[in-house]
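S.K.: mind looking at a prediction? Sequence and model below.
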Amino acid sequence: MNLLTKTRLSLLLASMALSGMAHATDVTGAGSSFVFPVISKWAQDYSKDSANRINYQSIGSGGGIAQIKAATVDFGASDAPLSAEDLKAAGLGQFPSVIGGIVPIINLENVETGKLELDGQTLADIFQGKITKWNDPKIVAMNSGLKLPDSAITVVHRSDGSGTSFNFTSYLSKVSPAWASTAEPKGPGTGSAVQWPVGVGGKGNEGVATYVKQIKGSIGYVEYSYATQNKISYTKLKNAAGKVIEPNAAAFAAAADSADWASAKDFNLIMTNAPGEKAWPITATTWIIMYKEPKSAEKSAAAFDFLKWSLEKGQEQAKSLEYVPLPASLVSKIEDYWKTEFKK
Amino acid sequence: MTENTQYMSAVIPDVTSESEKRAARDHRHDAWFRRIMFGAALLVLLLLACIAGSTLWGGALAFKTFGFEFLTSTEWDAVNGHFGALVPIYGTLVTSFLALLIAVPVSFGIAIFLTEVAPPWLRTPIASAVELLAGIPSIIYGMWGLFVFGPFMAAYLAPWINDYLGALPLIGPIFQGPPLGIGMLTAGIVLAIMIIPFITSVMTEVFRTVPVALKESAYALGGTTWEVVWDIVLPYTRTAVVGGVFLGLGRALGETMAVTFVLGNAHQFSASLMMPSSSIASVIANEFSEAYTDLHRSSLIALGFLLFVVTFIVLAIARLMLSRLSRKEGV
């Protein structure tokens, strides 16, 4: 053989060998900023176990739902579940991924984290603009040991559509008739984007955290890991059982345990204002939404591989970021749901 | 002519001279050049019409549902499907005009300094510094506004403004408000810093075109620098100066990220400059990716169309002002 033939033959063999190698799939997901911290950590650790790459964009639950309906991403993540009709119409299925808590955060001098106590009605009144000063009698009554200043409360809410807002407003609707009122005067109600009566809007959990850190005398609400990672003061809340609870993983787990998953079709269950003794009142889960008949079998298989890994091996990382791993019974229900509903 | 002549011309070869051929070719090339330039201008007009038309089409549902109430309502309720554009329009107009109010005198000062007052060795560094400001991305301005200027505003400026300016008799309520550090005043100041380079560069260029003879004659007659600037330079360059100002205003009206960071995204109408508000661009940026009901999306596109209309009205007012000034001068 002359040199040219040898070169051509070796190039041909090399290309055949390369094509035989498994190539990594890129899986894209988008949605809730509530789970962004934990999905990022999972994606990072998963990349050590697998060649696939997971790319998750935190654009808000509403964005996640819109993108999965438009099939521009492989999985969507939403803090608000889709109704059974919506799921059926679009050919989607949903299942929980991880449980977390939403905490009210404050910026008050002389008040350390976890010292201020509030209850549901007071929180709703603050966010509705009915309580405007920190030394209002209702707040002082619950916090006799604290020196509260005579300054205005600045409310910080979300400016974008958000599942965090959905769960927070769902809790406020459950504990405050004025908030849920549909008769005049109308309350803001439950939704991922409501008409907030007062306050400034921050974009994303990150935006709310930044504003609360900047503005003195402000109150806002974020997912728990944003409060702990950014070292922002949070408050205690009185739950449905009348006990004052500090937000932490144990309190979120208590809320998840007292929830009745067996009777929820497509896992459609809002856990706010949970009845348990030790339950944190604003506990939420994020649902992963995927097509039952996948548009791309390869990407769907890669996404399921990642989600299976996260349910079985990712729970330690979830705990380190103060999320609550799903109870084992729920994990097995989810895996059964995959087998029956999703075509691989 | 006789028949012979006709025969003669049929036999004689065509002798249009070289120069005639060249002239014909140049004429053809010129015609094509004019057509292509006309096409380019037409393309711009066509694009403008198409963008305006598509935003009007997209916003048609919102306009049909709410009618004129869309322009006067302050509600923005995504849950119940009531949308009103008054707060975003108000926020956009107030922050832009505040920005102009601060930027125009400053730009004017910089331009006069660069053309009349500065010693030659100082002109280049200052001109370069101003051009650098223009190159900074707008989101950097937003971040600077939120993390550096906002806290400074909240700690020092806002309490002073609330206590002293807020106590003035008639205009007091405009300056009263809690020391948030973000709000219409902060957004106006950040926008002013963003548009200064644009207005300055147009003004500087245009001030340089004033004939030296005109200025020298004025100085020779005993005019002070201020008199020369106000009575000779400005009237000569009036049209271009107004054009530069409206270039800056156009940027301020459409600025998105910087305003979203520091304006506070509140949908409540407030007369006070210290309070948060929202602007058309910030509302669209915040809500468009999650607006998945048709009415919500249509309302956002309708807001975009309204921004078009606002810009158009402002430009028309500018032209009117200019023509009235020209008429007064007898030009």
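M.R.: The structure has been received and is ready for your questions. Numbering: from 1, shown residues only, chains lettered A, B, ... in the order given.
S.K.: I'd like the next helix or strand past the host helix or strand of residue B:40.
M.R.: Element membership of residue B:40 [criterion: DSSP states H and E] is helix B:18-58. Where DSSP H and E defines the elements, the next helix or strand beyond helix B:18-58 is helix B:60-66.
S.K.: what about that following helix, near chain A?
M.R.: No: applying CB under 8 Å from any CB of the partner chain, one finds helix B:60-66 separated from chain A by no less than 15.2 Å. All C-beta atoms are positioned from the backbone trio N, CA, C, and that covers glycine.
S.K.: can you give me the buried ones in that helix?
M.R.: B:61, B:62, B:63, B:65, B:66 (16 or more other CB atoms under 10 Å in any protein chain shown).
S.K.: who touches it?
M.R.: B:70, B:73, B:82, B:83, B:84, B:294, B:295, B:298, B:299, B:301, B:302 (CB atoms under 8 Å, 6 or more residues apart in numbering or on different chains).
S.K.: same thing with stretch B:107-127?
M.R.: By CB under 8 Å, 6+ apart, stretch B:107-127 touches B:130, B:196, B:199-200, B:203-204, B:207-208, B:225, B:228-229, B:233, B:244, B:248.
S.K.: please redo it, this time with the cut-off set to 7 Å
M.R.: B:130, B:196, B:199, B:200, B:203, B:204, B:207, B:208, B:225, B:229 (CB atoms under 7 Å, 6 or more residues apart in numbering or on different chains).
S.K.: which stretches of the stretch 201-331 of chain B have low pLDDT?
M.R.: The stretch 201-331 of chain B contains residues with pLDDT under 70 at B:329-331.
S.K.: and it, which residues reach chain A?
M.R.: When proximity is defined as CB under 7 Å from any CB of the partner chain, the stretch 201-331 of chain B approaches chain A at B:260, B:264, B:265, B:266, B:267, B:268, B:276, B:286, B:287, B:289, B:290, B:292.
S.K.: apply 6 Å and report the result again.
M.R.: By the rule CB under 6 Å from any CB of the partner chain, the part of the stretch 201-331 of chain B lying against chain A is B:264, B:265, B:266, B:276, B:286, B:289, B:290, B:292.
S.K.: and those, which two are the farthest apart?
M.R.: Spanning the widest gap among those are B:276 and B:292, at 25.9 Å by CB to CB.
S.K.: between those two, which one's more packed in?
M.R.: Relative neighbour count places residue B:276 above the other of residue B:276 and residue B:292, with 26 against 16, counting by other CB atoms under 10 Å in any protein chain shown.
S.K.: which residues are in contact with the more buried one?
M.R.: Residue B:276 makes contacts with A:200, B:182, B:183, B:264, B:266, as judged by CB atoms under 6 Å, 6 or more residues apart in numbering or on different chains.
S.K.: go again using 7 Å as the cut-off
M.R.: Residue B:276 makes contact with A:200, B:180, B:182, B:183, B:263, B:264, B:265, B:266, according to CB under 7 Å, 6+ apart.
S.K.: picking that back up, for chain A, state which of the buried residues of helix B:60-66 is nearest.
M.R.: For the buried residues of helix B:60-66, the residue nearest chain A by CB to the nearest CB is residue B:66; the value is 15.2 Å.
S.K.: can you confirm residue A:275 is in a strand?
M.R.: No: Residue A:275 is assigned coil when assessed by DSSP: H, G, I helix; E, B strand; the rest coil, not a strand.
S.K.: stretch B:293-306: how far from the chain's middle?
M.R.: Stretch B:293-306 sits 23 Å away from the centroid of its parent chain (CA atoms, centre = their mean, to the nearest Å).
S.K.: how about residues contacting it?
M.R.: Defining contact as CB under 7 Å, 6+ apart, one finds that stretch B:293-306 is touched by B:55-56, B:58-59, B:61-63, B:65, B:70, B:78, B:81, B:83, B:85, B:88-89, B:280, B:283-284, B:287-288, B:291.
S.K.: next, count neighbours for the residue of chain B found nearest chain A.
M.R.: Relative to chain A, the nearest point of chain B is residue B:290 (2.9 Å; CB to the nearest CB). The burial count assigned to residue B:290 is 24, neighbours taken as other CB under 10 Å.
S.K.: go ahead and confirm it touches residue A:63.
M.R.: Yes: using CB atoms under 7 Å, residue B:290 is in contact with residue A:63, at 4.9 Å.
S.K.: now, of the contacts of stretch B:107-127, which are buried?
M.R.: Neighbour counting with 16+ other CB under 10 Å marks B:130, B:196, B:199, B:200, B:203, B:204, B:207, B:229 as buried within those.
S.K.: okay, those in JSON lines with secondary structure next?
M.R.: Shown next, in JSON lines, are these (three-state DSSP):
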{"residue": "B:130", "secondary structure": "helix"}
{"residue": "B:196", "secondary structure": "helix"}
{"residue": "B:199", "secondary structure": "helix"}
{"residue": "B:200", "secondary structure": "helix"}
{"residue": "B:203", "secondary structure": "helix"}
{"residue": "B:204", "secondary structure": "helix"}
{"residue": "B:207", "secondary structure": "helix"}
{"residue": "B:229", "secondary structure": "helix"}
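S.K.: and which of these is nearest residue A:117?
M.R.: The closest of those to residue A:117 turns out to be residue B:196 (CB to CB; 49.3 Å).
S.K.: next up, the contacts around the closest one.
M.R.: Taking CB under 7 Å, 6+ apart, we find residue B:196 in contact with B:103, B:106, B:107, B:133.
S.K.: sorry, back to before: so which of the contacts of helix B:60-66 are in helices?
M.R.: The helices, defined by DSSP state H, take in B:70, B:294, B:295, B:298, B:299, B:301, B:302 from the contacts of helix B:60-66.
S.K.: now a PyMOL select for only the buried ones of these.
M.R.: Under the burial definition 16+ other CB under 10 Å, those of those that qualify are selected in PyMOL by:
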select buried, chain B and resi 70+295+298+299+301+302
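S.K.: redo the ones in helices among the contacts of helix B:60-66 as CSV? Include distance to residue A:322.
M.R.: CSV is the format used below for the ones in helices among the contacts of helix B:60-66 (distance: CB to CB, whole Å):
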residue, distance to residue A:322
B:70, 44
B:294, 39
B:295, 38
B:298, 41
B:299, 38
B:301, 40
B:302, 42
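S.K.: need the max-distance pair from the ones in helices among the contacts of helix B:60-66.
M.R.: Spatially, the most separated pair among the ones in helices among the contacts of helix B:60-66 is B:70 and B:294, at 15.2 Å (CB to CB).
S.K.: out of the contacts of helix B:60-66, which two sit at the greatest distance?
M.R.: Using CB to CB, the pair of the contacts of helix B:60-66 lying farthest apart is B:73 and B:294, separated by 18.8 Å.
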